[in-house]
Structures are given as C-alpha cells and as structure tokens.
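>>> Quick one: sequence plus predicted model below, questions after.
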Amino acid sequence: MNKKLGELLIEAGIISEEKLQDVLEKQKETGRRIGEVIIDMQLALEDEIQDILARQLGMPKIDLYEEKIDPDMARMVPPDMIKRHQAFPVRKEGNRLIVAMVDPLNLLAIDDIRLSTGMDIVPHIASPSAISYAFDQFFGVSHEAQKSIEEFQADRLKKGYVIDESLVDKATLKEIEDAPIVKLVDTILNGAADYRASDIHLEPKDNHMVVRYRVDGMLHRILTVPKNAIPAVTARLKIMARLDTSERRKPQDGRLELSLADAEFDIRFSTLPTLFGEKIVMRLLNKSSQDYKLTDLGYDKDELDVWNSLIKQPHGIILITGPTGSGKSTTLITSLSKLATEQVNVVTIEDPVEYQLDSINQVHVNPKVGLTFASGMRTVVRQDPDIIMVGEIRDGETADLAVNAALTGHLVLSTLHTNDAPGAIPRMENMGVPAYLMNASVIGIMAQRLVRRLCPHCKEAYEASDEELVYLHGAFNESQYEGKPPLLYKAKGCKFCKHVGFQGRTGIFEIFRMSNALKELITRSTSIHLIKALARREGMLTLWQSGVKKVLTGQTSLAELLRVARPDFETETEAESAAADVMGARGKLAETAPKLAEVEGFEV
C-alpha cells in the first residue's frame with residue numbers, strides 16, 4: 001500500500017486531520033486496527049473503508065452476505081485461525097482458494113492459510129462484520145450447538161444411558177463429561193463472549209430449555225436444548241462452578257474463571273429452582289476489557305466537566321443512583337482509576353469485586369464472616385485512606401459511617417437505588433441522616449441510565465411528529481429549527497447489527513451539584529419536587545434532557561429513550577401545556593393525551 005489508510009480517508013474527505021489524530025490516540029490505547037477504531041468512533045462506514053482499500057490496492061471486494069460459500073472450503077481452515085486473522089475461505093478455483101480478508105496485506109495470515117490448505121491464496125477485500133457474519137453461519141453458537149446436540153442424542157442412543165435428575169451419581173457424572181455435552185456447554189459459553197453478552201440465561205420449560213443472551217441490555221433467544229439433554233447441561237455447568245450437583249431444591253451461587261474467545265472472564269453463577277427445573281443465570285465480566293476512560297461512557301463535554309469537577313474535590317460524598325445494570329459500577333471504577341495515583345490511597349468495599357485494578361485496594365464483602373459494608377467501613381477508615389468507595393449504601397449504619405468519613409477529610413463515592421439524582425436526598429433522610437449532616441457532607445449526586453446506540457449503518461432519519469414533539473418540548477432549543485420539526489432517527493436493522501438496529505450502549509446523565517441555595521432548601525424541606533425544581537433552575541439537566549440531546553444527534557431513538565427514562569412532566573397540567581404549545585391549539589390534545597398515557601409511570 002503506497003499510502004496509509006488514514007491518509008486515504010483524509011483525501012477522500014471522509015475524516016479530517018484532527019479526527020485522524022483522535023483515531024491514532026485511540027488506536028494506541030486499544031491496540032486495535034485503525035479501520036476498526038474509525039468505525040467504532042462512527043467516523044466512517046465499513047463500506048467506505050473497503051472501497052478505498054480496493055481502489056488503492058487494485059483488489060476485488062467480495063460480499064459475503066450474497067456470496068455462496070463452499071462449506072467444504074469454509075471448514076478447511078481452523079475456526080481459531082479464521083478469527084485470529086479475520087480471513088474466511090470462500091470457494092476454490094482450480095488450485096486457488098478465494099479468501100475474504102479484512103487486511104489483504106497480512107502476509108502471516110496468507111502463509112498460515114496456505115500451509116493449512118495446501119492451496120494458492122487469492123485475497124479479496126471484505127469488512128469485519130461480513131467476516132463475522134460468515135463465521136456465525138458456519139461456526140456460530142446455534143450451528144455448533146445443534147451439532148453437539150445431535151452428537152449427544154446419537155451417543156445417548158448408542159450407549160443406552162439416560163441422565164436422570166433424581167440420580168446424579170459417579171457413573172452419571174462420568175457420562176456428563178462426555179465430549180458432546182462438554183462441547184455443547186463450551187459452545188454456549190464461547191458464543192456469549194462472541195456476542196458481547198453480559199449475561200447467559202438457561203431457562204427450563206416443560207419440553208425444552210431456552211438459552212438467551214443479554215446483549216446491550218436486551219435478552220435475545222439463541223437456541224433450544226431438548227428436554228433429555230437438560231440434566232446433563234445443568235450438571236456440567238454446576239460441576240464447572242463447583243456447586244453441589246445433587247442439590248436442586250435450594251438456590252446456589254458460584255463463581256468460575258474461564259478463557260473465552262481469546263479473553264479472560266470472571267463468571268458469577270446463580271441457580272434458581274423453578275417448576276420445570278433449575279434456571280441458571282451467568283453474569284460475564286470481561287477482565288480483558290476494563291481499561292475504560294470517562295470519555296468512553298457517553299458524557300458530552302459539559303457533563304464531563306461537571307463530573308470531573310466533583311470527583312476532584314478533596315472530601316465529601318458523591319453518590320451515583322440508578323437501577324441494576326445502569327452502569328454505576330463501571331462509572332465508579334472508571335472514575336477511581338482516574339484518581340488512583342501513587343500519591344493517594346484508594347480503598348473500595350464491594351459486593352462483589354467486578355473489576356480488578358492494580359492501583360486500588362479492593363475488599364470483597366463477606367457477610368458469612370461478618371465483613372459487611374458497615375464493618376468494612378469501620379476498618380477502612382483506620383487504613384489511612386484518601387478515597388473510599390462503598391459499593392452501595394444499604395442501611396442507616398453504612399450511611400452514617402460514610403457521612404463521618406466525609407466529614408473527617410475523605411472523599412467517599414457510593415451508590416443508591418433512586419429514580420433520579422434529587423431522590424437521593426429523601427432516601428438518605430429515610431436512612432436516618434439529618435439534613436444538616438447531608439448539607440455538610442454530600443457534594444454531588446449523579447443519576448444515570450444506559451441507552452442503546454443506533455446502528456450507524458442502517459438508522460433512518462425522519463421528521464418528528466407532533467406527538468413526538470410533545471415529548472421533546474422544553475428539552476431542546478426549538479428556535480434553531482426555524483419552525484421546522486427536527487430530524488430524529490429510528491432503528492431499522494441490517495447485516496451489520498444482525499438486524500437488531502442497535503450496536504453498543506451509551507450513558508445519559510443527571511448531575512446534581514450541591515449549592516448554598518439547595519442546602520438552605522434541604523434544611524427546610526426534603527420534598528423531591530422542590531429540590532428538583534431548584535436544581536433545574538440552577539442549571540441541572542435531567543436524565544430526559546440528557547437523553548434528548550442524544551436523540552437529536554442521532555445516537556439513539558426516541559423510542560429507546562422512552563424505554564429507560566421518563567419525560568419531564570411532573571403533572572397532567574404540564575403535559576397538557578407542552579402539548580398545547582407544540583400543537584398550537586388545544587383541539588389536538590384529545591388525540592395526544594391517550595398516547596402520553598402509554599409512557600411508563602405517567603398518568604393522565
């Protein structure tokens with residue numbers, strides 16, 4: 001190649017020199033290919049990059065979505081080699097093998113495939129997502145799992161044994177270790193890693209077991225396991241997690257570490273007895289991808305400036321609120337990794353320790369031996385800490401200890417379960433923290449949620465309808481649209497996002513900074529509505545407003561935002577007023593009000 005890919009993209013007008021520098025910095029941090037980084041940063045589409053490569057190299061492109069792939073050729077190359085080199089064998093032409101490659105100049109890949117097949121290699125240019133698509137068709141979880149199930153059924157008939165849940169003895173356990181079941185379980189686990197799943201659900205039904213992956217916060221059905229294989233799959237997984245295979249009446253928890261898809265995973269394991277058997281849920285934590293930066297979490301510049309100003313304070317309490325799965329732990333650990341220099345002592349108390357960092361002293365809560373959040377806090381303050389992170393403030397004792405630590409010169413970060421940031425104030429009061437101590441210790445509160453990112457390849461633009469403008473009213477600068485409705489984007493689904501319409505997630509944030517006026521109000525009243533109203537007058541953007549910014553910039557859809565956050569209508573009157581302003585006449589309220597009622601938590 002005469003020129004580097006970045007230079008070619010600049011010449012083509014796809015990215016600027018300034019953006020290229022950002023790409024190169026990101027590439028150094030992640031060690032990934034420059035093309036992958038450009039696509040992840042949504043600076044160019046895969047097709048654009050492939051067109052430039054094909055033009056510069058004079059090589060043909062190949063569309064694996066349309067190409068008829070020879071199954072015999074596809075299986076001539078080991079799956080791990082295909083994944084490692086991002087190169088997929090397509091078809092044979094004489095003694096030449098047509099190979100789709102993300103990087104057709106990768107001589108090591110060409111040599112490996114030539115040695116593996118004994119054929120001359122002819123590279124064709126393909127996109128990473130196309131290679132992944134082809135891999136899924138021939139080596140994906142559903143395909144491989146079905147092969148394992150068929151092998152298990154054949155092996156079972158041949159040997160004539162039946163695995164019965166009521167009899168889990170040594171002989172049965174030996175059969176569970178047979179290759180088909182081991183292969184099936186390994187396929188399920190590796191498939192989850194390939195899909196970037198955060199959780200695996202195995203749900204027994206009357207006649208089968210459903211396997212689902214949670215990807216970007218949503219569950220997707222992947223495959224079905226036949227009834228006669230359920231006991232073997234369940235027992236195999238329980239053995240791996242070192243659980244009691246004979247105990248099926250009580251829930252059990254376990255943990256295991258595995259290498260999946262070239263990455264190290266910490267897996268938390270939970271069983272639950274149900275009507276048709278034990279339901280298993282596994283939470284996957286990728287220990288290889290924990291090098292987060294705050295800029296990766298979805299903050300815009302203003303939000304990042306406010307958050308940085310809070311975590312750089314020398315002492316006080318900072319709280320993060322949100323439901324389970326809203327990214328609180330990731331935000332906490334990312335913030336701490338920024339603060340954890342050699343000059344400070346950072347100690348965390350967690351249940352469990354999800355992300356392991358060398359620069360931080362991490363404590364795993366263990367109530368069985370008396371190590372709780374509260375008892376851990378008492379000990380930690382005697383460990384000369386500068387910064388303390390408590391996984392969650394669950395009771396009055398922990399809240400009291402956190403306040404005392406903040407008042408004695410420590411920076412304390414923790415989480416609460418409330419719907420929004422101002423809601424943490426009455427929550428702390430309910431746990432016995434008086435207003436004057438909250439005013440003296442709490443310096444900031446942030447609520448957050450995660451919304452799915454629209455797939456940049458297939459998202460569709462459209463003009464906002466009157467009904468949608470009601471939801472957006474007051475959350476953006478309407479004057480800039482000069483009377484025209486703003487453009488919004490919706491999910492469509494394509495080959496790049498596996499027809500889901502979304503790829504990845506980003507955060508929306510509501511950051512509450514304690515001010516003198518708010519302290520005075522809290523002394524007189526901890527009404528959440530009054531506190532929120534004053535905070536908004538002082539410049540706090542709500543979760544909804546933060547989300548609307550991402551809707552208007554095409555990062556997510558309004559439907560997705562409505563899934564995780566509520567519009568800023570406190571009363572029916574406010575909703576009617578917003579609708580009237582948008583419609584220009586009260587006459588259209590009749591058709592709008594019923595649709596407002598569909599929003600979760602809003603009543604008309």
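Perfect, thanks for sending it.
>>> burial of the closest residue to Lys238 other than its chain neighbours, as a residue count?
Using Cβ to Cβ, 6 or more residues apart in numbering and skipping residues adjacent in sequence, the residue nearest Lys238 is Thr245, 5.0 Å away. Backbone N, C-alpha and C define where each C-beta goes, glycine included. Per other Cβ atoms under 10 Å, the neighbour tally for Thr245 reads 19.
>>> do Ala126 as well
Residues near Ala126, counting by other Cβ under 10 Å, number 27.
>>> Could you tell me how far it is located from Glu66?
12 Å (Cβ to Cβ, to the nearest Å).
>>> next one: Asp262
Relative to Glu66, and taking Cβ to Cβ, Asp262 is found at 29 Å.
>>> Please identify which of these two sits among more neighbours.
Legend: neighbour count by other Cβ under 10 Å for Asp262 and Glu66, higher for Asp262 (11 against 8).
>>> got a list of what that one touches?
Applying Cβ atoms under 8 Å, 6 or more residues apart in numbering, one finds that Asp262 lies in contact with 83-84.
>>> contacts for stretch 391-398?
319, 329, 348-351, 365, 372-374, 377, 390, 399, 402, 414-417, 428, 431-433.
>>> Give me the distance between the two termini of that stretch.
End-to-end span of stretch 391-398 (Cα to Cα, to the nearest Å): 11 Å.
>>> ok, and for that stretch, which residues are buried?
391-394, 397-398 (16 or more other Cβ atoms under 10 Å).
>>> Okay, now the unreliable bits of the stretch 51-200 of the chain?
140-178 (pLDDT under 70).
>>> can you give me the helices in it?
71-74, 79-85, 107-117, 128-139, 141-159, 170-176, 179-194 (DSSP state H, counting those that start in this stretch).
>>> Phi and psi next, for the closest residue to Asp244 other than its chain neighbours.
Closest residue to Asp244 apart from its sequence neighbours, by Cβ to Cβ, 6+ apart: Gln252 at 6.7 Å. Main-chain torsions, Gln252, degrees, to the nearest 10: phi -130, psi 150.
>>> From the structure, what's the count of residues near Gln252?
By other Cβ under 10 Å, the residues close to Gln252 number 19.
>>> residues in contact with it?
Gln252 neighbours (Cβ under 8 Å, 6+ apart): 238, 243-244, 270-271.
>>> Any of those residues buried? List them.
Using 16+ other Cβ under 10 Å, the buried members of the contacts of Gln252 are 238, 243, 270-271.
>>> So Leu43: helix, strand or coil?
coil (DSSP: H, G, I helix; E, B strand; the rest coil).
>>> Apart from its chain neighbours, what residue comes closest to it?
Per Cβ to Cβ, 6+ apart, closest to Leu43 is Ile15, 4.9 Å.
>>> pLDDT added to the buried residues of stretch 391-398, as JSON lines?
Listed next are these as JSON lines, based on pLDDT from 0 to 100:
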{"residue": "Gly391", "pLDDT": "92"}
{"residue": "Glu392", "pLDDT": "92"}
{"residue": "Ile393", "pLDDT": "93"}
{"residue": "Arg394", "pLDDT": "90"}
{"residue": "Glu397", "pLDDT": "94"}
{"residue": "Thr398", "pLDDT": "94"}
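>>> wait, what's in contact with the residue nearest to Leu43?
6, 9, 23, 38, 43-44.
>>> And Leu298, its phi and psi?
Careful, residue 298 is Gly; it's not Leu. phi 110, psi 0.
>>> same question, Thr245
Per-residue torsions, Thr245: phi -70, psi -20 (degrees, to the nearest 10).
>>> rewinding a little: now render the contacts of Ile15 as CSV, adding distance to Met218, pLDDT and neighbour count.
Below are these laid out as CSV (distance: Cβ to Cβ, whole Å; pLDDT from 0 to 100; neighbours: other Cβ atoms under 10 Å):
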residue, distance to Met218, pLDDT, neighbour count
Gly6, 35, 75, 19
Leu9, 33, 75, 24
Val23, 29, 85, 22
Ile38, 27, 83, 26
Leu43, 26, 81, 19
Ala44, 27, 79, 20
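>>> which one of those is nearest Gly539?
Nearest to Gly539, judged by Cβ to Cβ, of the contacts of Ile15 is Leu43 at 31.4 Å.
>>> For the protein, give me the ranges with low pLDDT.
Within the chain, the stretches with pLDDT under 70 are 1-4, 140-178, 288-291, 474-483, 569-604.
>>> Walk me through the domains of it.
Annotated domains of the chain cover 5-134, 140-286, 294-457+504-566, 459-492+569-604 [automatic domain parsing].
>>> Name the stretch among those domains that sits most buried.
Neighbour counts (mean count of other Cβ atoms under 10 Å) averaged over each of these peak at domain 294-457+504-566, with a mean of 19.
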